[in-house]
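Chemist: let's see this in three dimensions:
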Amino acid sequence: MVARQLATAYPDANSDRGMRLFPLWRQPSGGTAQLLPVMAVLGGVVAVLLALVCANMAGLLLARASGRRRELAVRVSLGASRWQVVRLLVAETTLLAVAAGALAALVTVWSGNLLYAFIPPLPIPIAIDAGLNVRVLLFSSAVSLAAGLLLGLLPGLQASRADLVAPLKDGAAMGGSARRGRLRQGLIVAQVALALVLLVSAGLFLRTLVAADRVDLGFAARQGLVGVVDLGSASLEPARGLATYRAVAAALRELPGVEAVALAQRLPLTSLDSSDRTVTVEGYAPAPGEDMTTYYASIGAGYFDALRLPIVEGRGVSDRDTADAPPAVVINATMARRFWPGRSALGGRVRVGDRWAEVVGVAGDAKYQSISEPATPFMYLPVDQAYRTSMRIFLRTSGDPEAIVPAVRQTIARVAPGVPLFDVQTLAQHIAFAFFLLEMAATLLAVFGATAALLAALGLYGVIAQSVAARTREIGVRMSLGATKTDVARLVVSQGLGLAALGITLGLAGAAGVTRLFESQLLGVSALDPGAFAATTVLLAATTLAACAAPAWRAARLDPVQALRVD
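Modeler: Modelled structure (predicted):
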């Protein structure tokens, strides 16, 4: 009788239909579009960092080709063609790219396990496949070779188009042309802009990580023990299974240090799985194409009290909601506002399966999948009316939850022999699991942003240092005409800061567009957060100023007499 009523009330409630598995980086948003995957954000950041590295290398190779103009002129005078000059430079850069790719593969093998440092302690193993495989190796090798070819082709074509005989006339290795100088300066501007985009992205995720500690999870319980009780291996009928659940919960409530016990198909912030079904709400006419999919969980009596999840109207699931009682459902506040706007949802009816369930209570909203998800409609069904063979059991404790684990196992073994208890963890560990992807993304973005700023600073330093070397005679003339060391240093620094300012301006515009792509992953912070933009701009400006300081100091120390003798 009980089994038949369970089957007719909520068909497929205990089957795999209606169960949807979500990878850790995919978060549902109440049946609408999915949030932008965190891994896609990191992939985009890596692509930007790759572009920045290529721009840096292109600038260095252009400078190197400019310094080799006399050597290339000798080769041309001995009969080398333009294609042979280009092939020489491309071959050199390709060898450099292959060596760099091999080194990167070794670093990947060594550092792959570092990602495990972000995973909180859990009772179940979490695998992160960060090692090399054939596809990853082939892709990275192709990227390295393509970068080597392109980076060698650009300076090769620049060098081969120039007048390579002119350097032989005065026996000196002349500096690069104004056109090549503008190209190198353009690459520096691009590097600074890309670095600022990465720094702003890192700043936003770091501010999100700080804000996540203050987010309202919807429930006040912070200390307790979580485990999974599986009746499937015992092959119990629904009626016996429900009796077993009640006996286990009653026995656990008697343990010292246990304040409350609750059974639930899932707890808030369970990102590994979620059950949903399409519902019909009495008196509500959905708009054309409106998604009526609603997530739900089967829960036992005392669930809201154990988690300290408030009931804002009506009541929670209680012992009266048996299999023989009329179907009942508790909804959250978001669902109540959506389907019963401006009025009480109590007494309303929701069609779940083949029968109508009456709304007996409205609970406060909670974070069901992730801390960054928007408010999502959610339903709670009594476990007696939506039976599951596997349920999570939550014990709110007054002391250290790990200290009662042996007693919990012994109690379940005594009350329900043969029923396993697994995935045991503290509530703090359960909550920490919801934060680890955000922590990993924020940390990796900070590392990538710092690397980008360092690369931009090195590129700017190289361009300014080469400019000082090319303008040595000019600086000597200025000093002989009365320019002070301060004037010379200001001249050099202003050149570098001018490039940096242009790059920062373009970077701010680019960051304003890029950050909107992952705005849904941010929490408590806007994609155009002024604090993140201002802090990263100041940081990058200070970095570029430091990069200009050494060439400026070297230029100010030049001896005017020696400078005038430079060819």
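Chemist: quick check: Ser144 touching Leu95?
Modeler: No - applying CB atoms under 8 Å as the test, Ser144 and Leu95 come out as separate, 11.0 Å apart. Where you see a C-beta, it was placed from the backbone N, CA and C, and this is true even at glycine.
Chemist: who's more crowded, those two?
Modeler: Shown here are Ser144 and Leu95; by other CB atoms under 10 Å, Ser144 has more neighbours (20 against 12).
Chemist: measure the more buried one to Val107 for me?
Modeler: As for Ser144, its distance to Val107 is 13 Å (criterion: CB to CB, to the nearest Å).
Chemist: which pLDDT value goes with Met292?
Modeler: You'll see Met292 listed with a pLDDT of 90.
Chemist: same check on Leu499?
Modeler: At Leu499, pLDDT is 88.
Chemist: which element is it on?
Modeler: Here Leu499, judged by DSSP states H and E, is contained in helix 485-514.
Chemist: chain center to that helix: distance?
Modeler: 30 Å (CA atoms, centre = their mean, to the nearest Å).
Chemist: same question for stretch 452-461.
Modeler: 24 Å.
Chemist: can you list contacts of it?
Modeler: Contacting residues not belonging to stretch 452-461 are listed as 48-49, 52-53, 55-56, 59-60, 187-188, 191-192, 194-195, 198-199, 496, 499-500, 503, 539-540, 543-544, 546-548, 550-551 [CB atoms under 8 Å, 6 or more residues apart in numbering].
Chemist: likewise for stretch 251-264?
Modeler: So stretch 251-264 is in contact with 229, 245, 249, 297-303, 305-307, 383, 391-399, 403-404, 407-408, 411-412, 414-415, going by CB under 8 Å, 6+ apart.
Chemist: just the buried residues of the residues you listed.
Modeler: Buried members of the contacts of stretch 251-264, scored by 16 or more other CB atoms under 10 Å, are 229, 245, 249, 297-303, 305-307, 383, 391-397, 404, 408, 411-412.
Chemist: narrow the residues you listed to those in strands?
Modeler: Using DSSP state E, the members of the buried ones among the contacts of stretch 251-264 that fall in strands are Val229, Ala297, Ser298, Ile299, Met391, Arg392, Ile393, Phe394, Leu395, Arg396, Thr397.
Chemist: of all the residues you listed, which two lie farthest apart?
Modeler: Across those, the longest distance by CB to CB is 23.4 Å; it joins Ser298 and Thr397.
Chemist: surely Ala375 meets Asp365?
Modeler: Yes - with contact defined as CB under 8 Å, Ala375 reaches Asp365; the gap is 5.4 Å.
Chemist: what do the two both touch?
Modeler: Ala333, Thr334.
Chemist: the more surrounded of the two?
Modeler: The neighbour count for Ala375 versus Asp365, taken as other CB under 10 Å, is higher for Asp365 (23 against 17).
Chemist: what separation do you get for the more buried one and Met335?
Modeler: From Asp365 to Met335 the distance is 9 Å (CB to CB).
Chemist: please point out which parts of stretch 437-447 sit buried.
Modeler: For stretch 437-447, by 16+ other CB under 10 Å, it's Leu437, Leu438, Glu439, Met440, Ala441, Ala442, Thr443, Leu444, Leu445, Ala446.
Chemist: possible to save the ones in strands among the buried ones among the contacts of stretch 251-264 as TSV with pLDDT and distance to Ala345?
Modeler: Formatted as TSV, these follow (pLDDT from 0 to 100; distance: CB to CB, whole Å):
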residue	pLDDT	distance to Ala345
Val229	90	32
Ala297	92	18
Ser298	93	20
Ile299	94	18
Met391	91	26
Arg392	92	26
Ile393	93	29
Phe394	94	26
Leu395	95	31
Arg396	95	28
Thr397	94	33
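Chemist: among these, which one lies nearest to Trp356?
Modeler: Distances from Trp356 to those, taken by CB to CB, are shortest for Ser298, at 17.7 Å.
Chemist: that closest one against Met391, yeah?
Modeler: Yes - using CB under 8 Å, Ser298 is in contact with Met391, at 7.3 Å.
Chemist: can you list residues touching both of these two?
Modeler: Ala264, Gln265, Val383.
Chemist: can you give me phi and psi for the first one?
Modeler: Summarising the backbone geometry of Ala264 under the convention degrees, to the nearest 10, its torsions are phi -160, psi 140.
Chemist: which residues does it bridge with?
Modeler: For Ala264, the beta-bridge partners under DSSP bridges are Ile299, Arg392.
Chemist: okay, buried residues for stretch 88-101 please.
Modeler: Buried-residue list, stretch 88-101, by 16+ other CB under 10 Å: Leu88, Leu89, Val90, Glu92, Thr93, Thr94, Leu96, Ala97, Gly101.
Chemist: so which of the residues you listed are in helices?
Modeler: Counted as lying in helices by DSSP state H, out of the buried residues of stretch 88-101, are Leu88, Leu89, Val90, Glu92, Thr93, Thr94, Leu96, Ala97, Gly101.
Chemist: quick one, what contacts Asp384?
Modeler: Residues in contact with Asp384 (CB under 8 Å, 6+ apart) are Leu6, Leu242, Asp321, Thr322, Ala323, Ala325.
Chemist: and stretch 94-105, how far out from the chain middle?
Modeler: Computed by CA atoms, centre = their mean, the chain-centroid distance of stretch 94-105 equals 28 Å.
Chemist: list the contacts of it.
Modeler: Leu132, Leu137, Ser140, Ser141, Val143, Ser144, Leu145, Ala147, Gly148, Leu149, Leu151, Gly152.
Chemist: which of the residues you listed are buried?
Modeler: Buried among the contacts of stretch 94-105 (16+ other CB under 10 Å): Ser141, Ser144, Ala147, Gly148, Leu151, Gly152.
Chemist: mind checking how far the nearest residue to the fourth one once chain neighbours are set aside is from Leu61?
Modeler: Spelled out, it's Gly148. In space, and not counting its chain neighbours, Gly148 is closest to Ala97: 2.8 Å by CB to CB, 6 or more residues apart in numbering. Plainly put, Ala97 is 11 Å away from Leu61 if you go by CB to CB.
Chemist: so what sits against both of the two?
Modeler: Joint contacts of Ala97 and Leu61 (CB under 8 Å, 6+ apart) are Leu151.
Chemist: count the neighbours of Val134 for me.
Modeler: 7.
Chemist: kind regards, and thank you for your time.
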